[in-house]
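> give me a 3D structure for the following:
(2 chains)
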Amino acid sequence: MEREFDFEKPVAEMEKAIEKLKASASGDTGSIAAQIAELEKKCEERKKEIYDSLTPWQTVQVARHPKRPVLYDYISLIFSDFIELHGDRAYGDDRALIGGFAKLGEQKVMLIGHSKGKNVDENVRRNFGMARPEGYRKALRLMRLAEKYNVPVVTFIDTPGAYPGLDAEERGQAEAIARNLTEMAKLEIPIVSIVTGEGGSGGALGIGVADVVLMLSNAVYSVISPEGCASILWRDAAYSAQAADSLKITAKSLLSLDVIDEIVKEPAGGAHTNHRATGDTIKKAILKHLKKLLTLTPAKLTEKRFEKFSAMGKFIK
Amino acid sequence: MAWFKKRDDRDGKKKSQDDIWVKCQSCSAHVFKQDFINNQSVCPKCNWHGKLTAYERIGLTLDSGTFVEMFENIRPADPLQFVDGKGPYTEKVEAARAKTKLNESIVTGAGKLNGLDVAVGVMDFRFLGGSLGSGTGEKILQAANYAYDKNIPYILFSASGGARMHEGILSLMQMAKTCAGVARLDAKKIPFISILTDPTTGGVSASYAMVGDVNLAEPGALIGFAGRRVIEQTIKQKLPDNFQTAEFVREHGFIDKIVHRRDMKKILHTILSYYNR
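Next up, the predicted model:
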């Protein structure tokens, strides 16, 4: 197992010791086997301990882990019959934000999500999951199609942010996101969103105005990246860890701020250590919420969504 | 320490000069402050539009004596107990409140525009850079709801650097919250006119400011999504001179009309006069 983080070192060492023992004890069924089992149990416990007490900045590292499952992993793990639909009908097709019809178990859905790559080439093609205006407009087109066909929308959020480029500004990045926020508020079908990795500001929210917002336990969701915040408010990106603390970007914090509805627990050691288990948990959580939402009338749905977002924020009256 | 004294004198002299003169931030001309103010804070030489306070803007937009302020007691809480390199958020809020005599970065209420009943929101850049905090979002939504209940048009002047980082994710959620309010107006076919003034960027441009039935802007206003520096660092190329000006954004199709400040009230009235329901 490849280890990327300092905070995982104790686990890595234990795993090494276990491997060694296993190698020396091949065929043994007695005391060494018992020792191995004991060590493995301890290792799992330690992993859980470490992952239960990650700092916000460590969580950011896990959320950006290069081996963390991306949208395409989830498409092959938990969805079937995915028919990708391309293009915004106005400018082009964004590879950073994709969507199409898919089945989640027996449930037909419109799946929309940011699409990060798994290696440099793929990431360049997919712009590291940073969508341009045509991506947001495609997403809206597909949501309207879903509304017409009476199919619920499921969105997977994993982006560093909307792409900050000259072309994106020229084609109206701000308007594209603003339009989605406005139209999603009115959409007369259930919407369930899950933040699976990085919830990067407006670029995340642009497909995140949902009836139910879920979040993986090591995902982050923030108004600005810790690095960006540190360089503005501390005038030094070296303060990213402090900024990550201050911004309250972890799933636990967001749950207590009533921004998300439920935390979807990752396996001990993080989603990157077990894609399949992560996918199964996500699938169960989405289906559970869709089932409830599908009993509501369109009028009730939009009314409840309006009330949900009306209640966002804390201020003094 | 004679030189210390001297410096004090110079500061005193500079201050009195600031009371008399305004230096145009565009053409650098020195203009009599009173002339500048009499000209609605527009440079008489080059037409540069300076920033207005919320109440100055209301005075220019609504019929005299008709504005009734609402939701004025809403002010920032400190939900994250946010502290940055320069101290706690609460101190910044108190400093802003003391400086501006405002409770939030927007003033909301209702009044008459050439006799038409309208709900209004006017952002004030002096209050924490006009940033979109929870209180700001609440006031924008409440004013939208007032327009919804009364069936009257909603006019919103933006002047903001974007979301308020000190309120973290809750400030991001104000984008969804305000857009939900505006969406309801749309569903009920109630006019919503957005006026983008200098500056309208980040989370404010990416929410209510960009989804007016009609988007108006003041000349030269900075309007955009990402910051210029961030974009330059990302794409590593030089940006056009007029990048993210109101004129640039209109050229690309996201602003209906650029309106000189002295014509704004007239244009708003003309547009609303086509509302025929």
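
> next structured bit after the host helix or strand of B:Q34?
Assigned by DSSP states H and E, B:Q34 belongs to helix B:33-38. Following helix B:33-38 in sequence order, the next helix or strand is helix B:54-61 (DSSP H and E).

> name the residues of the next helix or strand after that next one that are buried.
With elements assigned by DSSP H and E, the helix or strand that comes after helix B:54-61 is strand B:68-70. Neighbour counts over strand B:68-70 (16 or more other C-beta atoms under 10 Å in any protein chain shown) mark B:M70 as buried. Every residue, glycine included, has its C-beta placed from N, CA and C.

> by contact count, what packs against the helix or strand just after strand B:68-70?
Next helix or strand after strand B:68-70 toward the C-terminus (DSSP H and E): strand B:75-76. With contacts defined as 3 or more C-beta pairs under 8 Å, 6 or more residues apart in numbering or on different chains; DSSP states H and E, strand B:75-76 has these neighbours: strand A:315-316, helix B:89-100, helix B:134-150.

> in the longest one, what's buried?
What it means is helix B:134-150. B:134-148.

> quick one, what contacts the residue of the stretch 51-200 of chain B found nearest chain A?
Residue nearest to chain A within the stretch 51-200 of chain B (C-beta to the nearest C-beta): B:S134, separated by 3.1 Å. Applying C-beta atoms under 8 Å, 6 or more residues apart in numbering or on different chains, we find B:S134 in contact with A:312-315, B:76-77, B:79, B:167, B:170-171, B:174.

> ok, back up a step: dump the helices and strands packed on strand B:75-76 into a markdown table; add distance to B:D18 as well.
As requested, the helices and strands packed on strand B:75-76 are exported to a markdown table (distance: least, C-beta to C-beta, whole Å):
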| stretch | distance to B:D18 |
| --- | --- |
| strand A:315-316 | 35 |
| helix B:89-100 | 16 |
| helix B:134-150 | 30 |
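
> between the ones you listed, which one is nearest to B:V249?
helix B:134-150 (21.2 Å; C-beta to C-beta).

> which element follows the closest one toward the C-terminus?
Assigned by DSSP H and E, the successor of helix B:134-150 is strand B:154-160.

> mind listing what's buried along the next helix or strand after that next one?
Next helix or strand after strand B:154-160 toward the C-terminus (DSSP H and E): helix B:168-187. Residues of helix B:168-187 classed as buried by neighbour count (16+ other C-beta under 10 Å): B:168-186.

> restrict the residues you listed to contacts with chain A.
B:168-177, B:179-184, B:186 (C-beta under 8 Å from any C-beta of the partner chain).

> report pLDDT for B:D19.
For B:D19, the pLDDT comes out at 80.

> I misspoke; the intended subject was A:C43.
pLDDT at A:C43 comes out at 89.

> low-confidence ranges, the chain, go.
Assuming you mean chain A. A:1-4, A:27-29 (pLDDT under 70).

> nope, chain B
B:1-17.

> and if we set it to 50?
B:1-3, B:6, B:8-9 (pLDDT under 50).

> tell me which residue lies nearest the centroid of it.
Closest to where the C-alpha atoms of chain B average out (C-alpha atoms, centre = their mean) is B:A159, at 1.9 Å.

> surely that residue touches B:S194?
No - B:A159 is not in contact with B:S194 according to C-beta atoms under 8 Å; the separation is 11.9 Å.
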